[in-house]
Structures are given as C-alpha cells and as structure tokens.
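1. sequence and predicted structure below; questions after.
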Amino acid sequence: EVKLVESGGGPVQHGGSLRLSCAASGFTFGNWDMSWVHQAPGKGSEWVAGINSGGDTTYYADSVKGRFTISRDNAKNTLYLQMDSLKPDDTGGYHCAPGDKSTWERYLEVWGRGTAVIVSS
C-alpha cells in the first residue's frame, strides 16, 4: 500500500521559515520524480516544486522560486521542502505527490493528509 505522510507544518510569522517532510512507503521511492502541491484555502491545488528521481534536478513555480528548496533523501524514502521568506499567500495545505509538474494530478488517490502552513502577517 502506498503511503505518504507529511509533517512539519504549523503557524509562522511573515518572513519566517519552515521545513516540511514527507515520509514515503509502499513503492520504490527512488524511482519516482516527486512534487509538492499547495492547496490554498478555498482555492484549487497548485504545483509549487518538483525534483527528479535522482535528486539532482529541481523545478519551481514562479511564486516560490528563490524562497523554497525541494530536496530528497532516497536512502530514507523522504522528500523535503525548505520554505523561507514565507508570505501570507503561502498559507494552506501542502501535499507531496508522485510525479512531476505535468503528471502529479494522475496520482491523487495516493495523497496523504498533508500538512498545514499558516503564515500570519
């Protein structure tokens, strides 16, 4: 059974930092490109960052470029998202997802519960 468990969210002030983690199990994590997806309150899902299976190539949405850093540890089956210079618009749920910017929506059925980030102004 595929399992994705996100953690690390919480309340933070504007300009602060958080580090999100996603523990993966039930599939060969190191064979998959992975992404982080943001769900703002009352809005749809937005892809924000992706990383290839080997961890040496990363991609970012313009809204987070220069502020967020995605990384992975394939030995630990874990995906990370370092979030710096946080803004109130970053508030919402964050999910890790198999796939890249073009394919993450194909795997909604394996999403975990996500982790909530609340940025106060």
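-> Yep, that arrived.
2. and the residue sitting nearest the centre point of the chain, which of the three is it?
-> By C-alpha atoms, centre = their mean, the chain has its centre lying nearest to W36, at 2.6 Å. Per DSSP: H, G, I helix; E, B strand; the rest coil, the secondary structure class of W36 is strand.
3. which ones are touching it?
-> Counting by C-beta atoms under 8 Å, 6 or more residues apart in numbering, W36 makes contact with 20, 22, 47-50, 68, 70, 79, 81, 94-97. From N, CA and C alone the C-beta is placed, and that goes for glycine too.
4. which residues does it bridge with?
-> Beta-bridge partners recorded for W36 (DSSP bridges): A49, C96.
5. ok, it to S121 distance?
-> Using C-beta to C-beta, to the nearest Å, we find W36 at a distance of 23 Å from S121.
6. T69 now?
-> 23 Å.
7. these two: which has the busier surroundings?
-> Neighbours were counted for T69 and for S121 using other C-beta atoms under 10 Å; T69 has more, 16 against 8.
8. could you say which helix or strand contains the more buried one?
-> Here T69 sits within strand 68-73, counting by DSSP states H and E.
9. okay, now the sheet partners of the helix or strand that comes right after that strand, with direction.
-> Tracing the chain C-terminally past strand 68-73 and defining elements by DSSP H and E, one meets strand 78-83 next. Sheet pairing of strand 78-83 (DSSP bridges) gives strand 18-25 (antiparallel), strand 68-73 (antiparallel).
10. JSON lines for those strands, including mean pLDDT and distance to W104?
-> Converted to JSON lines, those look like this (pLDDT from 0 to 100; distance: least, C-beta to C-beta, whole Å):
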{"stretch": "strand 18-25", "mean pLDDT": "98", "distance to W104": "13"}
{"stretch": "strand 68-73", "mean pLDDT": "98", "distance to W104": "13"}
